[in-house]
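Asker: 3D, please:
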Amino acid sequence: GNAWNDPRAHLYVSDGAAFVREAFTNTYDVIVQDSSDPWTTDDNGNQIPLPSSVLYSPEHFEHIARILKPNGIFAFQAETYNIPADLEGISQWRQLALRSGFQRVRYGTIAISSYPTGQIGFLLCEKDPTSASSLDDIQQRFDVMHTKGLHTTYYHPRLQTSSFDLPLWVEKSVYGEPKQIKDEL
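Answerer: Residues are numbered from 1 along each chain as shown. Predicted structure coming up:
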């Protein structure tokens, strides 16, 4: 496509932690962080931090919240819920994002055949959830795409909203008990 020709799009390949630490406040609408895993596990089940763990630190999340505009969105790779250590990380990162100033933080899941468990997740962190697009808005944009002859083989608007529908045991682990779940979704 022509996304890279859009003057609003900028791709930075650099030290992500240094970039957000040095960036100006209230600058970005969206930040997507698709980093490598923050840890690995040894043969005894011990977590070993990796260099990318800095991208999952309180300081980094606070800087991301700072450099986003008031209705900004932060989306980042958040592992699979099929591995217990990953599920614990999802819950911890969600709490960290909430403490960093995001008003709503939701875990979404997508099927991806190249991932070992066939499922990978992300956390969608919103500074102002009231500014989120409605399903009708999303559907209209999708319909306009189709009228312009642009088609996808994977994405459709229902997939976008259904990605937040999780097995109950995952919801309980990520959000807490059912009362909290209702309040969060």
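Asker: quick one: Phe74 and Ile31 touch, right?
Answerer: Yes - Phe74 lies in contact with Ile31 (C-beta atoms under 8 Å); the separation is 4.9 Å. Yep, even glycine has a C-beta here, placed from its N, CA and C like the rest.
Asker: Between these two, which contacts overlap?
Answerer: Counting by C-beta atoms under 8 Å, 6 or more residues apart in numbering, the shared contacts of Phe74 and Ile31 are Ile64, Leu68.
Asker: Can you name the next helix or strand after the top helix by length along the chain?
Answerer: The longest helix of the chain (DSSP state H) is helix 84-99. The helix or strand immediately downstream of helix 84-99 is strand 104-111, counting by DSSP states H and E.
Asker: coming back round to it: Phe74 and Ile31 - which one has more neighbours?
Answerer: Neighbour count, other C-beta atoms under 10 Å: between Phe74 and Ile31, Phe74 has more, with 23 against 20.
Asker: Are we agreed that that one is in a strand?
Answerer: Yes - assessed with DSSP: H, G, I helix; E, B strand; the rest coil, Phe74 lies in a strand.
Asker: What sits closest to it if chain neighbours are left out?
Answerer: Nearest residue to Phe74, sequence neighbours excluded (C-beta to C-beta, 6 or more residues apart in numbering): Cys125, at 4.2 Å.
Asker: what kind of secondary structure is that neighbour in?
Answerer: Three-state assignment for Cys125 (three-state DSSP): strand.
Asker: pLDDT below threshold where in this structure?
Answerer: Scanning the chain for pLDDT under 70 picks out 1, 178-185.
Asker: What segments of the protein are strands?
Answerer: 28-33, 39-41, 47-49, 68-77, 104-111, 119-126 (DSSP state E).
Asker: Listing partners with orientation, what would you give for the first one?
Answerer: To tie it back to what came earlier, the one meant is strand 28-33. strand 68-77 (parallel) (DSSP bridges).
Asker: I'd like to know how many residues surround the closest residue to Ile67 other than its chain neighbours.
Answerer: Nearest non-adjacent residue to Ile67, counting by C-beta to C-beta, 6+ apart: Ala23, 4.4 Å away. Other residues near Ala23 come to 17 when the count uses other C-beta under 10 Å.
Asker: Quick one, which of the strands of the chain gets closest to His156.
Answerer: His156 lies closest to strand 104-111 among these, at 12.7 Å (C-beta to C-beta).
Asker: Many thanks, have a good one.
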